[in-house]
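# missing the sequence, but the structure's below:
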C-alpha cells in the first residue's frame, strides 16, 4: 500500500483528528491532534490491512516561531508484513507539553520517548520510567529546544558536575598511553 493510501484511510476513519497531510519526495507525513493519538496508533498497529508492527524511529521537533504548535513528536512506522511505511507527527503545544506514551503499542518506544523527554522536555503520559537518559539528572533545561542557549549555561549557572569531570580528566591523564 502506498503511503498516501494509508493517509487517506486515516483521514476517512479520523476526519476530525487529522491536521495536515503532506508529501515530499515520496515520503508522506500525516500531522494529527494529540488527544486521540494513542487510538490512532493502536488502529495503525492492530488493523490487519495496515499492520504497522515496527516503530523505526521516534523523535522530537521544535517549530519555534514557524507553526501554531511549538513542538511535534515524529513517529516513523513500518509494516514488516506489507512493507509499507508512514510518518505520523503529533502536534504538541508549549502550554501542554505532553502526549500519551506509545510504549503499550510498541515496547521499543521506551528509550526513544526518554530521549525526546530529555532533549525537548516533552512528557509522555503513562511511560513506565520517564527520566533523563542522556543528560545528568540534575541538568536544567532541554538542549535541543531552539531557545536553549547555543553556548550552554553561563559560568555561574554551569552544571555542578562539570568541574568534577574536568578534575577527573586531569587526574586520569597519567593513565593515557603515549606513543
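Good, I have the coordinates. A quick note: this is a predicted structure, and the numbers were derived from the prediction, not measured.

# Can you pull out the low-pLDDT segments for the chain?
Residue ranges of the chain with pLDDT under 70: 151-159.

# separation between the closest residue to residue 13 other than its chain neighbours and residue 12?
Leaving aside its chain neighbours, residue 13 sits nearest to residue 43 (6.8 Å; criterion: CB to CB, 6 or more residues apart in numbering). Where C-beta positions appear, they are placed from N, C-alpha and C, glycine not excepted. Note on residue 43: its distance to residue 12, by CB to CB, to the nearest Å, is 12 Å.

# on that earlier part again, what residues does the host helix or strand of the residue nearest to residue 13 touch?
Under DSSP states H and E, the secondary-structure element containing residue 43 is helix 37-46. Helix 37-46 has contacts (CB atoms under 8 Å, 6 or more residues apart in numbering) with 6, 10, 13-14, 17, 32, 50-53, 75, 77, 86, 88, 90, 99-100, 102, 104-106.

# Mind checking which of those residues are in strands?
Using DSSP state E, the members of the contacts of helix 37-46 that fall within strands are 32, 75, 77, 86, 88, 90, 99-100.

# Helices of this protein, start to end?
Per DSSP state H, the chain carries helices over the ranges 3-13, 37-46, 109-120, 161-172.

# and of those helices, who's closest to residue 138?
helix 161-172 (7.2 Å; CB to CB).

# for that closest one, the distance to its chain's centre please.
32 Å (CA atoms, centre = their mean, to the nearest Å).

# hang on, the earlier thing: buried ones among the contacts of helix 37-46?
Buried residues within the contacts of helix 37-46, counting neighbours by 16 or more other CB atoms under 10 Å: 6, 10, 14, 17, 32, 50-53, 75, 77, 86, 88, 90, 99-100, 102, 105-106.

# coming back round to it: comparing residue 43 and residue 12, which shows the higher neighbour count?
Taking other CB atoms under 10 Å, residue 43 and residue 12 do not tie; residue 43 has more neighbours (17 against 9).

# Is the residue nearest the centre of the chain bridged to anything, and to what?
Nearest to the mean C-alpha position of the chain, by CA atoms, centre = their mean, lies residue 59 at 2.8 Å. Counting by DSSP bridges, residue 59 is bridged to residue 74.

# In this model residue 74 seems to touch it, though I could be wrong.
Yes. Contact status for residue 59 versus residue 74: in contact at 5.2 Å, counting by CB atoms under 8 Å.

# how close does residue 117 sit to residue 173?
Counting by CB to CB, the gap from residue 117 to residue 173 is 35 Å.

# Same drill for these two, tell me which one is more crowded.
Neighbours were counted for residue 117 and for residue 173 using other CB under 10 Å; residue 117 has more, 22 against 8.
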